[in-house]
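Undergrad: return a 3D structure for these sequence lines:
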Amino acid sequence: MARISGIDIPKNKRGVVSLTYIYGIGKSRAKMILESAKVSEDKKVSEWSDDDTANVRSAVSQLVIEGELRAENQINIKRLMDIGSFRGIRHRLGLPLRGQRTKNNSRTRKGKRKTVANKKKVTK
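TA: Residues are numbered from 1 along each chain as shown. Purely as a prediction, here's the structure:
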């Protein structure tokens, strides 16, 4: 396995696909990285020379990825929660943020169903 910015990327896959294993790098960004490093998109990682790997590493090191990006996202979410915006409140409550209905769906955000018992009728 090749190691780029602390992540082991698979050697048996094409360069574009294997770079997407790094958090913050999608398919289009991976293509841009390989283009700037002058490495063919169709080459598998195992076929890369040491120079190719070094070029890709230097191109990736200029981007905000992995821990830095995760920390930045968490700071942004915390800021929303601190200022009390709608999205921040939804984050705090663990509900969907982007206008989805919650009556029937959104189990991923809300968690497992919590059954509420019915009130018992008083008999006279």
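Undergrad: three-state assignment of the residue nearest to residue 46 when sequence neighbours are not counted?
TA: Spatial nearest neighbour of residue 46, chain neighbours left out: residue 11 (4.2 Å); criterion: C-beta to C-beta, 6 or more residues apart in numbering. C-beta: built from backbone N, CA, C; applies to glycine. Here residue 11 is coil, with the state taken from DSSP: H, G, I helix; E, B strand; the rest coil.
Undergrad: which element is the residue nearest to the spatial centre of the chain on?
TA: In the chain, the centroid-proximal residue (C-alpha atoms, centre = their mean) is residue 23; its distance is 5.7 Å. For residue 23, there is no host helix or strand (DSSP states H and E).
Undergrad: so it touches residue 65, yeah?
TA: Yes - with contact defined as C-beta atoms under 8 Å, residue 23 counts as touching residue 65 (6.2 Å).
Undergrad: gap between the two ends of stretch 76-91?
TA: 11 Å (C-alpha to C-alpha, to the nearest Å).
Undergrad: need the contact partners of the longest helix along the chain.
TA: Under DSSP state H, the helix in the chain containing the largest number of residues is helix 66-83. For helix 66-83, contacts defined as C-beta atoms under 8 Å, 6 or more residues apart in numbering pick out 5, 6, 7, 22, 23, 24, 64, 87, 88, 89, 91, 92.
Undergrad: how does the chain divide up, domain by domain?
TA: In the assignment given by automatic domain parsing, the structural domains of the chain cover 2-62, 67-110.
Undergrad: and residue 116, which of those is closest to it?
TA: domain 67-110 (13.7 Å; C-beta to C-beta).
Undergrad: packing partners for the lowest-mean-pLDDT helix or strand in the chain?
TA: Of the helices and strands making up the chain, the lowest-confidence element is strand 2-4, at a mean of 86, by mean pLDDT, DSSP states H and E. The contact analysis (3 or more C-beta pairs under 8 Å, 6 or more residues apart in numbering; DSSP states H and E) places strand 2-4 against strand 7-9, helix 50-61.
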